[in-house]
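[1] Mind folding the following:
(2 chains)
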Amino acid sequence: MLRLIDINRRLGDFALTDINLEVSDGQYYVLLGRSGAGKTQLLELIAGLEHPDTGKILLDNEDITRQRIQDRKVGIVFQDFAVFPHMTVFGNIAYPLRVRKENKNSITEKVEKAAIAMNIRHILDRNTEKLSGGEMQRVALARTLITSPRLLLLDEPLSSLDTSLKDDLKRVLRSLNKAGQTIIHVTHDYGDAISLAKRVGVIHNGKIIQEGSVSEVFKNPVNRFVARYAGIRNFFRINISHEDGSLFGVTEHKNRFKLNNKNTEKDSLLLVRSDSVFIGNEMPWDTELNSFKGKITEIIPSEFGLEVTVDAGDLFYVNIQLSEIERLGITEGKDVWVSFSPKDIVVINGN
Amino acid sequence: MILSSLVLLFIIAPLAGMFLHMDGARFLETIKDKEVHQSIWLTLWVSFTATLIFSVGAIPFAWLLARKKFPAKNFVQGIIDLPIVLPHTAAGIALLGFISRDGFLGKTASLFGLNLVNHPSGIALAMAFVSLPFLINAARDGFAAVPERLEKAALNLGASHTKVFFTISFPLALRSITTGFVMMFARGMSEFGAVVIIAYHPMVAPVLIYERFSSYGLNYARPASVFFILIALFFLIALRLLSLKRKEKYINSDAQTD
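    Residues are numbered from 1 along each chain as shown, chains lettered A, B, ... in the order given. As a prediction, the model looks like this:
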């Protein structure tokens, strides 16, 4: 288990302040924050690349605050991968073993195994210069994992990948975590957090402002920042049902959502961003959309204009512009339709 | 454009003139001259050895300059550049005081029965004194261009600081270091002012050329000059080619060190 106790670290104008954090073994912890929030700095402290001004870092109850980087067994994969340009893919992955003076046969064997696991065996002999971003990342990941780190730190691992590679990597990360690897993953993308995390911490201006399970954090944002950051106010616990080859999620209030996500488990949590929900006076003609009729219960000002609450059995939160309010003649108590596309739905399995 | 050509011409013309004005028969004579052979050979190996020995300390020092913050760093940097701006005879005088029998280094050396003055080791020191900045500065720039991330990643993967230096920093900065090495070697080889004060004998090539000129005149100094220039060029080109070969091997590091 990793514990950060009262960590403070000043870096010029910026400071990490009173960071307290616990990450238990086997956890998938996502640290969510905007760029400049202090995510990378925090990872570097944990890895030992930087030292805190005050506070303690404990790993399995051992104080590692001042321990040398090379003795910590905390693996970090940098955002830019830091793949060594003067070595082949094999050389990169073998590097941690070579500096530990392992014998040649065991190195070859382990590198092969790691490469197969990361699906990069075919590029082992290649120079790193012509690798794609996805390949570089797998090299960096294999190179770190070969050291069997007690803790795997990932700095924005998904940010430079296109969508299909993202899904591949998410699968890899999920299965690593399932195999017992403790992971701390920092990102600015709430979507990553939702799809991977068991626990989420939100970091803002060098402080962790909220922490908890994914649904706790997104459903009960501790303040406006988290709410706005998450951009998600629509949470529904659903049961999955298959009808005529299509997939539906049914809420406890019997609202039925069309889903297009293939691999969902029985009991899931469904999220829709407030920005993705539209409001109208008529039922939308597009039958592909999820549409529900409800009554407006509240209209409050928000960062984006106004936030309208619609009670359609379940509560829907919709962000809308002031001009739209006038155009649609929206007032409290009015009956309206809310609608959103199945592709804007995020489903979290078994949470 | 015209101005640039004039500047270029200014460099080429005297050298070309020297080649054109040279008496062929006298050149052949010079090539066979044993004294000239010995002198050129001495120049080459002393400069090379000086560069090699000093790089053992200079390269890690360059890494420190590139990576670490320490008090009075700018001052230290200024001291390193000092030999470039000093008149080289003045540098020679300063060094002579240091390595003569009364000087600190001279005393220490004479304990081992070694007289540094008029000795190749003294020449090596004189060469190194004036040429060391070229190696340190080039190597420092090379190290500075290696992304610190890579060093941090290597540490994170379990390498010690020494290992990181030899497996990451050094190979990635190698091209700049080689350039610095060649520059230091070349600068040491061509040094006259500091060397002539430490050791008139044994005669390095620049001193020999000077001696021929002052004893026999321009026509005798010219063939020796041309011969030395040709030999020096040969070694410089050879070293350059060697470093180009390395470049192919470390093709990526170039992107960072260039």
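
[2] buried ones in stretch B:185-202?
    B:185-199, B:202 (16 or more other CB atoms under 10 Å in any protein chain shown). All C-beta atoms are positioned from the backbone trio N, CA, C, and that covers glycine.

[3] What of stretch A:103-117?
    For stretch A:103-117, by 16+ other CB under 10 Å, it's A:107, A:110-111, A:114-115, A:117.

[4] How far away from the center of its chain is it?
    Remark: stretch A:103-117 is offset 31 Å from the chain centroid, using CA atoms, centre = their mean, to the nearest Å.

[5] longest helix of chain B?
    helix B:34-67 (DSSP state H).

[6] Correction: the previous question concerned chain A.
    Chain A, longest helix under DSSP H: helix A:163-178.

[7] Give me the nearest residue to the residue most central in space within chain B, chain neighbours excluded.
    Nearest to the mean C-alpha position of chain B, counting by CA atoms, centre = their mean, stands residue B:184 at 2.1 Å. In space, and not counting its chain neighbours, residue B:184 is closest to residue B:135: 4.0 Å by CB to CB, 6 or more residues apart in numbering or on different chains.

[8] Quick check: the one you found is in a helix.
    Yes: Residue B:135: assigned to a helix according to DSSP: H, G, I helix; E, B strand; the rest coil.

[9] unless I'm mixing things up, it is touching residue B:180, no?
    Yes: shown here, residue B:135 and residue B:180 form a contact pair, counting by CB atoms under 8 Å, at 4.1 Å.

[10] so what's in contact with those two at the same time?
    Both residue B:135 and residue B:180 are contacted by residue B:62, under the criterion CB atoms under 8 Å, 6 or more residues apart in numbering or on different chains.

[11] for chain A, what spans make up the helices?
    Under DSSP H, chain A gives helices at A:39-47, A:89-99, A:104-117, A:133-145, A:163-178, A:190-196, A:214-219, A:224-230, A:322-328.

[12] who does the first one touch, helix- and strand-wise?
    Using 3 or more CB pairs under 8 Å, 6 or more residues apart in numbering or on different chains; DSSP states H and E as the contact criterion, the neighbours of helix A:39-47 among helices and strands are strand A:2-11, strand A:14-23, strand A:74-77, strand A:151-155, strand A:183-187.

[13] Give me the contact list for it.
    A:2, A:4, A:7, A:9, A:11, A:14, A:16, A:19, A:31, A:33, A:50-52, A:57, A:69, A:72, A:74, A:76, A:79, A:151, A:153, A:155, A:184, A:186-188, A:203, A:206, B:156.

[14] Neighbours of residue B:104, how many?
    10 (other CB atoms under 10 Å in any protein chain shown).

[15] Which residue is the nearest non-sequential neighbour of it?
    Going by CB to CB, 6+ apart, residue B:104 has residue B:98 as its nearest residue, at 6.3 Å.

[16] tell me the contacts of residue A:59?
    Counted by CB under 8 Å, 6+ apart, residue A:59 has contacts A:1-3, A:72, A:74, A:150-151.

[17] how does it look with 7 Å?
    For residue A:59, the contact set (CB atoms under 7 Å, 6 or more residues apart in numbering or on different chains) comprises A:2, A:150-151.

[18] could you pull out the strands for the stretch 251-351 of chain A?
    A:256-259, A:267-273, A:278-280, A:290-302, A:305-312, A:314-320, A:335-340, A:345-349 (DSSP state E, counting those that start in this stretch).

[19] Would you reformat these as CSV and include distance to residue B:35?
    Listed next are the strands of the stretch 251-351 of chain A as CSV, based on distance: least, CB to CB, whole Å:
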stretch, distance to residue B:35
strand A:256-259, 94
strand A:267-273, 88
strand A:278-280, 96
strand A:290-302, 93
strand A:305-312, 94
strand A:314-320, 92
strand A:335-340, 95
strand A:345-349, 87
